[in-house]
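Undergrad: I'll drop the sequence and a predicted model, then ask my questions.
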Amino acid sequence: MLHDYSANNVMLIFAQHARAYEEGRVPDPTPTYIAGFRDVASPRRTVERGQHGYAVLAPMASNTQAGSGCEGNVRALRRGDKPSVGETETEIAG
């Protein structure tokens, strides 16, 4: 169940699982199911004694404002910032 994770997080999960396999902490060389703590803590699921969680990068979904000048340079605009004279404002979906 890795379909909900970004490519970077999938690689991170596989790297952590490979290390756990090399150390003998998991029986299979590839991960089979990845779930959050609340999903695993449900009455229908169990975690083997001594197992550790894997770290994943938190998604940072947001819209970013960028201002670009006549020379092609781009700078991020913070909340409330306005483009300087000669800059144009572009919204970048993140």
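TA: Perfect, thanks for sending it. The structure displayed is predicted, hence computed values, not measured ones.
Undergrad: Quick one: mean pLDDT over stretch 24-43.
TA: Per-region confidence: stretch 24-43 scores 80 on mean pLDDT.
Undergrad: Confirm H17 sits in a helix?
TA: Yes. The assignment for H17 by DSSP: H, G, I helix; E, B strand; the rest coil puts it in a helix.
Undergrad: Leaving out the residues flanking it, which one is nearest to it?
TA: P31 (4.5 Å; Cβ to Cβ, 6 or more residues apart in numbering). All C-beta spots, glycine's among them, are computed from the backbone N, C-alpha and C.
Undergrad: Pretty sure M11 is one of the things that neighbour touches, is it not?
TA: No. Between P31 and M11 there is no contact under Cβ atoms under 8 Å: 11.7 Å.
Undergrad: Look at those two and report which has more neighbours.
TA: More crowded of P31 and M11, by other Cβ atoms under 10 Å: P31, with 18 against 11.
Undergrad: Can you give me the distance of the more buried one to A58?
TA: As judged by Cβ to Cβ, to the nearest Å, P31 and A58 stand 19 Å apart.
Undergrad: and if you look at D81?
TA: D81 is 25 Å from A58, by Cβ to Cβ.
Undergrad: Between the two, which is the more surrounded one?
TA: More neighbours surround D81 than the other of D81 and A58, with 12 against 7 (other Cβ under 10 Å).
Undergrad: element containing the more buried one?
TA: Using DSSP states H and E, D81 falls within no helix or strand.
Undergrad: I'd assumed E91 was in a strand, is it?
TA: Yes. Assignment of E91 by three-state DSSP places it within a strand.
Undergrad: Look at it and report its pLDDT.
TA: 71.
Undergrad: Could you give the bridge partners of it?
TA: Residues in a beta bridge with E91, per DSSP bridges, are Q65.
Undergrad: what are the ranges of the strands in the chain?
TA: Applying DSSP state E to the chain gives strands spanning 63-68, 74-77, 88-93.
Undergrad: for the record, mean pLDDT for the first one?
TA: When you say that, I think you mean strand 63-68. On average, strand 63-68 scores 54.
Undergrad: Name the residue closest to the centre of the protein, please.
TA: Residue closest to the average C-alpha location in the chain (Cα atoms, centre = their mean): L57, at 3.4 Å.
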